[in-house]
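Novice: I would like the atomic coordinates for the input below:
(4 chains)
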Amino acid sequence: MERIGVFVCHCGINISSMVDVESIVERVRELDGVVEAKSYKYMCSDRGAQIIKKSIEEKGIDGAVIACCSPRMHEPTFRGVAEDGGMNPFTVEIANIREQCSWAHDSRERSTEKAMKLVMSSVAKARLLEPLERGRTPVIPNALVIGGGIAGIQASLDLANEGFRVYLVEKDPSIGGRMAQLDKTFPTLDCSSCILTPKMMEVYHHPNIDLMTYSEVLSIEGSIGDYRVKVRRKPRYVDVDRCTGCGDCVTACRMRDRIPDEFNMGLSNRSAIYIQFPQAIPLKAVMDSETCLFHRFGKCGDGPLCVEACEAEAIDFEQKEEVAELNVGAIVVATGYDLLDPASLHEYGYSRSKNVITTLELERLISSSGPTKGEVRLPSSGERPRSVTMIMCVGSRDETQCSWCCRIGCMTALKQVILLRENLGEEVEINILYTDIRSFGKGYEEFYRNVRAENTNFFRGRPSEVRIRNEDIRIDIFDTITNKLFEIRTDMVVLVPAVVPRADSGEFARMMNLSRSGDGFLLEAHLKLKPMDTFVNGIFIAGCCQGPKDITDTVAQASGAASRAAGILSKKELENDPLIAVVDADLCSGCRICISLCPYSAIEPVVETMAGEEVVHAEINEVLCQGCGACVAACPSGAINQMGFKDNQILAMIGVLNDCSDAGGLK
Amino acid sequence: MKLALYPGCLMPTEQYAYEMSIRETLPLMGVEIVDLPGFSCCGEPLKSINQMLTLHMSARNLSIADREGIDLLVPCPMCHLALSEAKNILDGNGEMKKRINAKLREEGLEYIGKQRLFHIIDLVHDEIGLDTIRERVKKTLPDLNMAAHYGCHILRPSEMGRPVDSENPRKMEAILLSLGVRSEDYAEKLDCCGGPLLPNHPETSLAKTGQKLQAVSEQGFDGMVLACPWCQKMFDSKQTKAAESVGSRAHVPVLYLTQLMGLAFGIDDAKLGLNLNLSPVDDLGLKGEVE
Amino acid sequence: MPVTERKLKFAFYWGASCGGCEIAVLDIDEKILDVAAAADILFWPVAVDTKYSDVEAMEDGFIDVCFFNGAIRTSEQEELAHLLRRKSGCLVAFGSCAAMGGIPGLANLANRDKIFETAYLDNPSTSNPGRTLPSKESRVKEGTLTLPEFHDRVRALHQVTDVDYFLPGCPPPTNLILEAVNAVIKGELPPKGSVIAPEKSVCEECRFEKSEKMLTEIRRIYEVEKVEDRCLLEQGIICLGPATRGGCSARCLDAYMPCTGCGGPTPNSMDQGGKMISALASILGLEGEEALPDEEIERLLDGIVDPVGTFYKYGLAAALINRRLEG
Amino acid sequence: MSITDMTSMAEAQSDLRSEINKRLERLILGVSDYCYQCAKCTSGCESHKLLELEPHQIVALLKRGLIDEMVNSEIIWTCMSCFKCKERCPQKVPPVDILFALKNLTVLTGKQVPGDYTQMLQSVMSIGYIQDRQTVPTRSGDTVKREDLGLPVLSGLQDPNGFQNIITASAVEKI
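Specialist: Okay, the predicted model is just below:
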């Protein structure tokens, strides 16, 4: 660019206290190509924008250097200002003199010197910047929601109610997720299915929702506005149009009560053909081909009893797996969480006694649809426990397991105290061994207070181990409140396990091109400011796949993610960022190094006929390219350029910073 | 397989049965034992006095193995811990390695860190293999349910890699099973023998031993199997006193894993030092005929 | 007078080089006769007995084209570079050594003292009990003998004087030589500073099939039992083809030998070796890289034997980082 | 500014505290500061029931810098070094190693070392082992010596004097 304006921001005193802003303005004014240099207290304010626009109008500047904070913060702001003023927004260059200067140093003199160099190097780059144009892509107004727990249900309903077509993909035979396994919810003690089932029904009957249960996302291609998704629909071996959900096949099955029931955490058994739970949506039977005798051995007695029992003639052994292809503009990921397998803390006895269970198992025992029809009984003997001891933070806040807090354990345990009392009567002894009680949500502390009033023994401390001798369970616990070591003899131990990412979350994230944080949960674009966004445009996250949270927060985040997705779907077309990689076909010889490297599958080899000969060169899809630069760095012949970061532009900056302009070498 | 036997202090000066049974059984399983000159205490018993001294002592013993370029068999868990810890520190901290090597040089030694360390349990379970054990068994032992006791220092701290799983060790049980001996789980399996308190709290130390003996006795085990000379000293040599100190009349046969292996291999009990066990090992009815 | 209307005047010179470039000139076979018809050769130490003083006597710019091969290692070579620059209208850096330092440039991994020590003292086949080293001046009874000074560093021709055209290759392929000579004869020269070779890389001319580039291992050519007819890089053999300017018809690859990079960097590449290292780092262990333990990464990298010799076989003297600094 | 323990009027010894922490780091053992007082260590402490050792309290006192209180106490000598506290600590804090550090500190400050440690140290200095070969009883009432059992001769130190000098230097050295 030939007419450059330099605008230096004081950022209140954030910059000006450590950088002599005026001396920078004076110095850059003398640089080649600089026709304007100004400073202002808050360049990002409306007044600051007016200063820039005035320079565009009066001085005819065609390039701008803004010396201010990090480009992550205000680059879009200043590009917008430039565009408003009639300048190409991509000839704006940010010099970060706040995070990289004033905040980082304590010598005003040297900080100024560094800021000066950074601004001058940005001017050198600005001289070589090129005006860029944004491309446009049409938006497919459909959404995909992955996961049919409460987060996925909420997001689907929100989007469907906005008028968008929603595909809800759930891997289990029914939607409902973890919440469907719960008996009651804290702090209101609402019956979980009473508040969840109506929403499940709404999903089922919503004209805008295509519910795809027993299905999994196989692959994803495309980008924001236009994703192409393949979904594997596993065969149910039951014709869902005919099945009435009567359950006759379930009772008839020869494998009845012989297969551990996943929904009941293995505390009861089911048939090979089964309905996941009484409130399942869709209320249709599903056949598990791995345990079905007919599937395994080609015969089942004289003939499959399910077929005989089904009046609707819905059993269909011939069903095949199908792959559905969807085209959507935005995606909400709500794949939920797993609980840590407490066997990894062997000292707590989970793998040594049936009477050591987890909170989720207790939830099933308490639930009226559970294995004991809502009667809490010892798994070993079926007797009523007289004493229940809950151990909190099992694997949570533990550097050897999960360093994070599970955020639901304390409240779950407190809630279960109430449910246990309801179930087992006032005389049951309940001990809670806790590290800290975290009751941070609305109404939670009040709930905790109520539980304290109940006759519950709170021990502040962690046991080192659970000692098991046959039916006899003993726990030594040092209580830091009384400063005494207690021995607890108890019938049942309930472990409150850590909340962990889904076992397949790594594989899933790779398939979706999503990043994960160190803990393995899906990574949000910004923890505070973009908690529902991911680093892939058009894919949003909701619920526990992003990190542990309770139902309240999950529903809020799901609605947020739906709203973020709706923001995209409601547009006719999207503008693409032009700061992407571009192949110079005249220099590319088709070596293909870039192709497998691209994390967004944006590069493809293209065959062209030149002078009668077929030549291959790489081509980058400008919609898919996210401008990460992986191919630019890898291209051994320098045929790929990153717009806005071309070699000559960067070298000009280095030249100024180094006071050396000779890049050397053979050209 | 050739291994240098690192004897430690207790085994060669009083726990003779352990050494005898090791020297008898290992060659039968294809392990050649080499005796190197110059070994000393591993330093662990003096860790309370000065940890630098412990580190130096461990390093000097390791460097003797380095000089010979041979791996070490360390039958004492306490020594195994000290040597493992020293390796861990010296391999991870270059400055400390220099400092220690400056000391070792005065004796003409240098710590390099090439040697691997084996305890009896991982040697037998992982290197020799249970198939070999089953092949060597010559004698059917009586139907016994023996409580396995590993000894703290072979279990913990697990972070530097110990021969067995710190919370759910199963290797000794697996070895016993291949000798035809059952070993049920018990809640006190990972508990300490009390031995380390012997120097300054002898009575408490014995009480600790007594408690565990009582627990084993109450749960109907036929006896205990050990792989630690310190634990053997507590549970076997001091059994009567230990039991008395907690008012128990525990009467628990205690023997080394290597002794039991030797008996199953058909080795004469005198060669295994069985008469040095002071606990009532005769009750086990082990001295049957070789098939 | 336009050059085409009179007989041209050519000069050839060799600096620090192996002599292969001289042979390459002769390799244009009978076409040398066309050259001889079109041009007089005024100076060619390997073939024509012209003295330096004869060249010095020429007026500036008298020679039309000088083909200068070899790098600059000694004061004599440097002096001649300056002299021939002055006397020639057009100076061509001929061959990889003149263009980018070439194999002699690898000597920049050491300095003069180290080189002398190795060559004259430490070499096992050298017997030098007097520990005599070459010196600039030696007194003998007849008088003083002088040797050119041996510089501490090898440089490419353009690092010493202004160069008009580059003709890389070790040696330059005959078709490119002819192209250059013809361009001179016809007066159809490209802009000054051009490299007389195609813009695309060797891959463009390589006949091997290319598909996915995800290396799990690096192998040297002798470690591969049977080299297949597909991209050598994909077979784990380091081939500098993608980072090297073509024009050679990928002849090495035709013979199942990987490209070692004599064509120099491609037009938009600043540093040939750096580009190749970056490319290799991008595709090596690509699948599951984040889960690889450090030792495995070390092992993968250990597959690259002699990295400088691999990535900067010809280009070290002219590279961004072009010599070892003592210290 | 100061923080004082009003029962003993002791003030935080932050220098000693950081020295102990540095030592823990140097031995790649861990950092005491992460302790959040869950007392899992004390719940499982083998010495607690018998001798009232409270490892979590030791860590807390160290964090407060009340080192003298521990150095002057018999309690630090009650650890059985079973390593359960370190093994099971959810924050990878090693109370057992802190206890070793405190005991070392006690010895360095010249305080009386309890029990048989001195005797063991002397034995190591002179013969390399914590004790010399013992005569042991048999179940049948006899006594035997190592030599009677067909075991090879126990090789001693190659240069006892040299060994003694080197070891003595180490025995008084700080980490």
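Novice: so how far is B:His201 from C:Phe67?
Specialist: Computed with Cβ to Cβ, to the nearest Å, the distance linking C:Phe67 and B:His201 is 94 Å. Using the backbone N, CA and C atoms, a C-beta is placed for each residue, glycine as well.
Novice: which one of those two has more residues nearby?
Specialist: Neighbour count, other Cβ atoms under 10 Å in any protein chain shown: between C:Phe67 and B:His201, C:Phe67 has more, with 29 against 22.
Novice: From the rest of the structure, what touches the strand or helix carrying that one?
Specialist: Using DSSP states H and E, C:Phe67 falls within strand C:63-69. The contact list for strand C:63-69 (Cβ atoms under 8 Å, 6 or more residues apart in numbering or on different chains) reads C:3, C:8-15, C:17, C:21-22, C:25, C:39, C:42-43, C:81, C:84-85, C:87-95, C:97-98, C:157, C:167, C:171, C:184.
Novice: Pull up the pairing partners for it, direction included.
Specialist: Strand C:63-69 has the following sheet partners, assigned by DSSP bridges: strand C:8-14 (parallel), strand C:88-94 (parallel).
Novice: After that strand, which helix or strand is next?
Specialist: Next element after strand C:63-69 (DSSP H and E): strand C:72-74.
Novice: which secondary structure elements does that next one contact?
Specialist: Strand C:72-74 sits against strand C:150-155, with contacts defined as 3 or more Cβ pairs under 8 Å, 6 or more residues apart in numbering or on different chains; DSSP states H and E.
Novice: can you list the residues that contact the helix or strand following the strand it packs on?
Specialist: Helices and strands here follow DSSP H and E; after strand C:150-155, the next one along the chain is strand C:165-167. Here strand C:165-167 makes contact (Cβ under 8 Å, 6+ apart) with A:666, C:67, C:90-95, C:99, C:158, C:176-177, C:180, C:189-190, C:192-197, C:264.
Novice: Report the contact partners of the closest residue to chain D within the stretch 401-550 of chain A.
Specialist: Using Cβ to the nearest Cβ, A:Ser464 is the residue of the stretch 401-550 of chain A that sits closest to chain D, at 2.2 Å. With contact set as Cβ under 8 Å, 6+ apart, A:Ser464 has these partners: A:347, A:476, D:40-41, D:43-45, D:84, D:88.
Novice: Taking these together, which two end up most distant?
Specialist: Greatest spacing in the contacts of A:Ser464, by Cβ to Cβ: A:Glu347 and D:Cys45 (13.8 Å).
Novice: about what we covered before: filter the contacts of strand C:165-167 to the buried ones?
Specialist: Among these, those classed as buried by neighbour count (16 or more other Cβ atoms under 10 Å in any protein chain shown) are A:666, C:67, C:90-95, C:99, C:158, C:176-177, C:180, C:189, C:195-197, C:264.
Novice: most distant residue from the middle of chain D?
Specialist: Most distant from the centre of chain D: D:Ser140, at 38.0 Å, with distances by Cα atoms, centre = their mean.
Novice: For A:Leu587, which of the strands paired with strand C:63-69 is the nearest?
Specialist: Nearest to A:Leu587 among those is strand C:88-94; the distance by Cβ to Cβ comes to 21.8 Å.
Novice: For that closest one, which outside residues touch it?
Specialist: Contact with strand C:88-94 is made by C:11, C:21, C:61-69, C:84-85, C:99, C:156-158, C:161-167, C:172, C:180, C:184, C:189, C:196, as judged by Cβ under 8 Å, 6+ apart.
Novice: Can I get the buried ones among these as something I can paste into PyMOL?
Specialist: In PyMOL, this line selects whichever of the contacts of strand C:88-94 come out buried by 16+ other Cβ under 10 Å:
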select buried, chain C and resi 11+21+63+64+65+66+67+68+69+84+85+99+156+157+158+161+163+164+165+166+167+172+180+184+189+196
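Novice: Residue ranges of each domain in chain B, please.
Specialist: Chain B breaks down by automatic domain parsing into domains covering B:2-118, B:139-284.
Novice: So which of those domains is nearest chain C?
Specialist: The closest of those to chain C is domain B:2-118. By Cβ to the nearest Cβ, the value is 13.6 Å.
Novice: do that closest one and chain D meet at all?
Specialist: Yes - using Cβ under 8 Å from any Cβ of the partner chain, we find that domain B:2-118 touches chain D at B:7, B:9-10, B:12-14, B:16, B:19-20, B:23, B:35-41, B:45-53, B:56-57, B:88-89, B:92-93, B:96, B:103, B:106-107.
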